[in-house]
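> with the sequence up front, the predicted model follows.
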Amino acid sequence: MNMTLRKRGTGMRLTAVLLAAVMVATACGSDSDDTSPSATTVATETTAAPEAPETTTAPTTEAPATTATPTTTTEAPPVGPAQGGDASVGLEAEAPGLRPWEDTCSSPCYNMMAAVFDKLFEQYADGSYGAFLAESISANDDFTVWTMNLRPDVVFHDGSELTAQTIVDMFVVHQTGAQSAGVIASSKLINVEATGDLEVTYTLSGTNAIFVANLSRAPIGMVFAPSTGADEDAVTAAANAPIGTGPFMVDSRDVDNKTVMVRNPNYWMSDSFGTQLPYLDSVTFHPIPDEGTRLSSLASGTVTAMQSLRQASIRDARDTEGLWLFEHQGNNTGGGMFNVTVAPYDDARVRKGLITMSNQAATIEALGGEGISLPTTQLFASESPFYSEAIAAAYPTHDMAAGSALVQEYIDDPDRSDGLAVGEKISVTLSCPPDPTLIAAMQVSQVLWEASGLVDVELTGFDQATHIGMAVGAADGTFIGTHDIHCWRWGSEDDPAAGMLSGFGDPFDPSGAGALNFSNWYDEEAYGYVVEATLTDDVAERAALYEKFGLIMVEAMPIYFSGGTATVIATAEGLGGLDSWEMPDGEAGIGHPSAEGRWSQAYWAAE
């Protein structure tokens, strides 16, 4: 995403041409934004770049000028919502923990984290970045030093004050965090200093014009009490008893059953009508992995909201009376990846051959997405300024003969990497979480690949947490993972740069810069284009660089795509606000991409 810092009225705003893809580490059932951090290209107060014209984005339920296309039955009310009421949310999975710097997170987890932790920066409805817990940020001419000012009079749930020293102390924890360490390395962050009571200075080892987007997502952008990362015991406790500055506080947590959060009475933010947030008295999160059970729970009143990233669930929710639907479809897309450190997936002929045999339309139909999801070919939706027609044209289309020829070439190679004799079939393992639609999609691939007569296919399925953990690795001190061919989701509405830096970096780099590279594919030339894209805030230049990267990736085929991910947060009639929440300056926020709700401004509409 291209971002520039510009004046808007009396304040400063980071303006972006968003729509970017982050390599999101999420199983096919969810997005895990901070398994792929974000970054932003930002021109600053001291830059000589011409100031962009001022615009104002009023709260609206219309689709913002991004790839996002939210749909809902409710509009922002003409008067402010009232406080009161409770919400209970059915999530597709349990959060592995609630530590932004440590836990691998996806869409369900982010719903919970965003209720406890504030971000330094958030996104407007048009996808641009603006100050949230921060008040402002500026950079020097070469984007190596960033100076940020925090909001005054903000306190944590434990009563301690937010100061610049808090951010410095967080950085100490970040440097060893399972999620944050890689973001620090890929973003070039080398030092954080308190240069005033509320002034923080970030120093980078090199130019990073899109650094600010890193401050908008979990690993280093969500603000937590540093005491929760002070020692091993504190870190362990923080998984279930986090301390943030956010609108809700964790009251109780029964893992795999429910997590109850209650209103933070000292929350710093009020809405544009002067009402202190949050509106709700409490929000309770229930992990309900089965899609049908989750929707039935909402329809019966067992819960008052649910989130889903399954096209079939959206179709069924549309047919269910008494619900409000908050839908979205943007850069996020379904698909999968190959672990290129494992034979035979270490050979591009096998990877590209299998995908060339695949049939996107049949896969989308199996997923229940016919008429909802469009086939995808890259990390960017067609409305994105970074979308490439050249990549779309280069992406394989269903061709059994061409795909079989590539696999046959590998099979006939006396130096084939799997150690089998010339002429023997290859054996592959394809894994998705055990959702019925994912199983059906896997079976589509299995039938096609085995029909070639060249491939034996084993299908496996694990719960989402296990599925993600297999790809993340780290149990043996590395981040290589133990997966083969893995269902996964790619892309988000965040800036592409940081996610791509960490998502395609060298997985063997001791700094951890490639810790979020789940396919383990690394190409020095391709990665060079990703790095080069952080040196400018010019959209056209960045688009050209991402296209060069993408064309190399299509030839290597470490990851693949099926159809765009339509998502939904469905609520009981009357529970709204998910599409009309506001930034601190009163302008509309980005809404609910990837079925991530901002529950601080959810409310029960007056009857």
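Thanks, I have it. Numbering: from 1, shown residues only.
> pull the contacting residues for the closest residue to residue 357 other than its chain neighbours.
For residue 357, ignoring the flanking residues on the chain, the nearest one in space by Cβ to Cβ, 6 or more residues apart in numbering is residue 403 at 3.5 Å. To be clear about C-beta, it is placed using only N, CA and C from the backbone, and glycine gets the same treatment. If a contact means Cβ atoms under 8 Å, 6 or more residues apart in numbering, then residue 403 has 352-358, 396, 452 as its contacts.
> and if you look at residue 156?
The contact partners of residue 156, by Cβ under 8 Å, 6+ apart, come to 162, 225, 243-245.
> let's go with 10 Å and repeat that
The contact partners of residue 156, by Cβ atoms under 10 Å, 6 or more residues apart in numbering, come to 162, 166, 223-228, 243-246, 249, 264, 266.
> do residue 424 as well
Each residue near residue 424 by Cβ under 10 Å, 6+ apart is listed here: 411, 416, 418, 454, 456.
> which pair in those has the greatest spatial separation?
Checking the contacts of residue 424 against each other with Cβ to Cβ, the farthest-apart pair comes out as 416 and 456, at 14.9 Å.
> same drill for these two, tell me which one is more crowded.
When residue 416 and residue 456 are compared on other Cβ atoms under 10 Å, the one with more neighbours turns out to be residue 416, at 21 against 13.
> the more buried one contacts residue 408, correct?
No - here residue 416 lies out of contact with residue 408, judged by Cβ atoms under 10 Å, at a distance of 11.3 Å.
> now do the shared contacts for those two.
With Cβ under 10 Å, 6+ apart applied, the overlap between the contact sets of residue 416 and residue 408 consists of 349, 423.
> show me where the stretch 151-300 of the chain has its helices.
Taking DSSP state H, counting those that start in this stretch as the test, the helices found in the stretch 151-300 of the chain are 164-174, 180-187, 218-221, 232-238, 291-300.
> what mean pLDDT does stretch 503-511 have?
pLDDT averaged over stretch 503-511 equals 88, rounded to a whole number.
> report the buried residues of it.
Residues 503-505, 507, 509 are the ones in stretch 503-511 that count as buried (16 or more other Cβ atoms under 10 Å).
> reformat these as JSON lines; add secondary structure and distance to residue 126.
Converted to JSON lines, those look like this (DSSP: H, G, I helix; E, B strand; the rest coil; distance: Cβ to Cβ, whole Å):
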{"residue": "503", "secondary structure": "helix", "distance to residue 126": "25"}
{"residue": "504", "secondary structure": "coil", "distance to residue 126": "27"}
{"residue": "505", "secondary structure": "coil", "distance to residue 126": "29"}
{"residue": "507", "secondary structure": "coil", "distance to residue 126": "35"}
{"residue": "509", "secondary structure": "coil", "distance to residue 126": "35"}
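> still on that earlier bit, and the helices of the stretch 151-300 of the chain, which one is worst for confidence?
Among the helices of the stretch 151-300 of the chain, helix 180-187 scores lowest, with a mean of 90.
> where does pLDDT dip in the protein?
Residues of the chain meeting the criterion pLDDT under 70: 1-79, 474-478, 607.
> residue 332 contacts residue 499, correct?
No - using Cβ under 10 Å, residue 332 is not in contact with residue 499, being 11.6 Å away.
> doesn't residue 306 lie inside a helix?
No - per DSSP: H, G, I helix; E, B strand; the rest coil, residue 306 lies outside any helix segment and is strand.
> can you offset everything so residue one is 287?
From this message on, residue numbering opens at 287, which makes the last subject residue 592.
> ok, for it, nearest residue in space, not its chain neighbours?
Computed as Cβ to Cβ, 6+ apart, the closest residue to residue 592 that is not its neighbour in sequence is residue 376, at 3.9 Å.
> near the one you found, how many other residues are there?
Counted with other Cβ under 10 Å, the burial measure for residue 376 works out to 27 neighbours.
> quick one: the helix or strand containing it to helix 577-586, angle?
Under the criterion DSSP states H and E, the helix or strand holding residue 376 is strand 372-377. Orientation of strand 372-377 against helix 577-586 (axes from the mean of the first three to the mean of the last three Cα atoms, to 10 degrees) gives an angle of 160 degrees.
> run the chain-centre distance for the longest helix along the chain.
In the chain, assigned by DSSP state H, the helix with the most residues is helix 825-842. With Cα atoms, centre = their mean, to the nearest Å as the basis, the distance from the averaged C-alpha position of helix 825-842 to the chain average is 20 Å.
> just stretch 639-653 next, same as before
Mean C-alpha position of stretch 639-653 versus that of the full chain (Cα atoms, centre = their mean) differs by 24 Å.
> so who does the residue nearest to residue 371 when sequence neighbours are not counted touch?
Counting by Cβ to Cβ, 6+ apart, residue 371 lies nearest to residue 890, which is 4.1 Å off, once chain neighbours are set aside. With contacts taken as Cβ under 10 Å, 6+ apart, residue 890 has the following neighbours: 367-373, 565-566, 590, 857-858, 860-863.
> likewise for residue 455?
With Cβ under 10 Å, 6+ apart as the criterion, the residues that contact residue 455 are 449, 478, 480, 511-513, 515-516.
> related to what we said a few turns ago, please indicate which of the contacts of residue 689 are buried?
Among the contacts of residue 689, those scoring as buried are 638-644, 682, 738 (criterion: 16+ other Cβ under 10 Å).
> the residue nearest to residue 643 belongs to a helix, doesn't it?
Yes - with three-state DSSP as the criterion, residue 689 is part of a helix.
> mind checking how far it is from residue 644?
Distance of residue 689 to residue 644, given as Cβ to Cβ, to the nearest Å: 8 Å.
> intersection of neighbour lists for the two?
Common neighbours of residue 689 and residue 644 (criterion: Cβ under 10 Å, 6+ apart): 682, 734-735.
> in CSV: these, plus distance to residue 420.
Written out in CSV, the entries for the shared contacts of residue 689 and residue 644 read as follows (distance: Cβ to Cβ, whole Å):
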residue, distance to residue 420
682, 44
734, 50
735, 50
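> just the ones in helices from those residues, please.
Among the shared contacts of residue 689 and residue 644, the subset assigned to helices under DSSP H consists of 734-735.
> from the shared contacts of residue 689 and residue 644, which is closest to residue 676?
The nearest member of the shared contacts of residue 689 and residue 644 to residue 676, counting by Cβ to Cβ, is residue 682 at 14.3 Å.
> which SS class is the closest residue to that closest one other than its chain neighbours?
Distances taken as Cβ to Cβ, 6+ apart put residue 642 closest to residue 682, at 4.2 Å, once the chain neighbours are dropped. Using three-state DSSP, the structure places residue 642 in helix.
> I'd guessed residue 564 sits against residue 404; true?
No - counting by Cβ under 10 Å, residue 564 stays clear of residue 404, with 11.8 Å between them.
> quickly list what's touching both of the two.
532-533, 553, 555, 886.
> ok, and the most crowded of the residues you listed?
The most crowded member of the shared contacts of residue 564 and residue 404, judged by other Cβ under 10 Å, is residue 532 (29 neighbours).
> restricting to C-alpha, output the host helix or strand of residue 849 in PDB.
When secondary structure is defined using DSSP H and E, the element that contains residue 849 is strand 845-858. Output of strand 845-858 as PDB, limited to C-alpha atoms (Å, rounded to 0.1, in the frame of the first residue of the first chain):
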ATOM      1  CA  ILE A 845       1.700 -21.100  -3.300                       C
ATOM      2  CA  TYR A 846      -1.500 -21.400  -5.300                       C
ATOM      3  CA  PHE A 847      -5.000 -19.800  -5.300                       C
ATOM      4  CA  SER A 848      -8.500 -20.900  -5.700                       C
ATOM      5  CA  GLY A 849     -11.200 -18.300  -5.200                       C
ATOM      6  CA  GLY A 850     -11.600 -15.000  -3.500                       C
ATOM      7  CA  THR A 851     -12.600 -15.300   0.200                       C
ATOM      8  CA  ALA A 852     -16.100 -13.900   1.000                       C
ATOM      9  CA  THR A 853     -16.400 -13.300   4.700                       C
ATOM     10  CA  VAL A 854     -19.300 -12.500   7.000                       C
ATOM     11  CA  ILE A 855     -20.100 -11.400  10.500                       C
ATOM     12  CA  ALA A 856     -23.700 -12.300  11.000                       C
ATOM     13  CA  THR A 857     -25.600 -10.900  13.900                       C
ATOM     14  CA  ALA A 858     -29.000 -11.200  15.500                       C
END
